[in-house]
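Asker: sequence and predicted structure below; questions after.
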Amino acid sequence: MSQVTIEAFVSVPPCSGGVAVKRLLKRVEQDFGDKVEIIIYTGRHDKMAEYHINNAPALVVGDLVKFVGLAPSYESLVGALGEAGLE
């Protein structure tokens with residue numbers, strides 16, 4: 001079994017979407033444990049340009065940019081994890 005990586009990009013100062021994303025990622029970490037690797041980038045980061053992300057919050061699941069400018073629902077994020085290969 002391989003891990004699925006979630007890269008989160010949140011703004012400084014934090015916005016309500018970024019706060020919601022962090023809360024959502026804590027739940028995902030509790031539910032999926034070591035099946036997921038979560039990386040949170042706070043503020044502008046070079047990876048944003050690499051992924052062509054212009055807006056925060058944003059989530060990259062596996063190697064695909066899945067959500068930009070909003071905090072997804074738990075169900076949407078779990079669906080994206082499934083698309084990325086999480087069993």
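Answerer: That came through, no problem.
Asker: alpha carbons only for contacts and neighbour counts from here, please
Answerer: Fine.
Asker: show residues contacting the helix or strand containing residue 47.
Answerer: Using DSSP states H and E, residue 47 falls within helix 46-50. Residues outside helix 46-50 that contact it (C-alpha atoms under 8 Å, 6 or more residues apart in numbering): 9, 54.
Asker: tell me the contacts of the residue nearest the centre of the chain?
Answerer: Of all residues in the chain, the one closest to the mean position by C-alpha atoms, centre = their mean is residue 59, 3.3 Å from it. By C-alpha under 8 Å, 6+ apart, the contact set of residue 59 is 6, 7, 8, 9, 65, 66, 67, 68.
Asker: and the fourth one, what pLDDT?
Answerer: In this model, residue 9 is scored at 97, pLDDT.
Asker: separation between the residue nearest to the centre of the chain and residue 82?
Answerer: Distance of residue 59 to residue 82, given as C-alpha to C-alpha, to the nearest Å: 15 Å.
Asker: rewinding a little: check which element follows the one helix or strand the residue nearest to the centre of the chain maps to along the chain.
Answerer: Assigned by DSSP H and E, residue 59 belongs to strand 58-61. Reading on from strand 58-61 to the C-terminus, the next helix or strand found by DSSP H and E is strand 64-68.
Asker: strands along this protein, start to end?
Answerer: All strands of the chain, identified by DSSP state E, fall at 4-10, 36-42, 58-61, 64-68.
Asker: adding distance to residue 51, write those strands out as TSV.
Answerer: As requested, the strands of the chain are exported to TSV (distance: least, C-alpha to C-alpha, whole Å):
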stretch	distance to residue 51
strand 4-10	11
strand 36-42	13
strand 58-61	8
strand 64-68	7
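Asker: gap between the helix holding residue 47 and the chain center?
Answerer: Chain-centre distance of helix 46-50: 14 Å, with C-alpha atoms, centre = their mean, to the nearest Å.
Asker: just stretch 61-80 next, same as before
Answerer: The chain centre lies 6 Å from the centre of stretch 61-80; the measure is C-alpha atoms, centre = their mean.
Asker: right, I'll leave it there.
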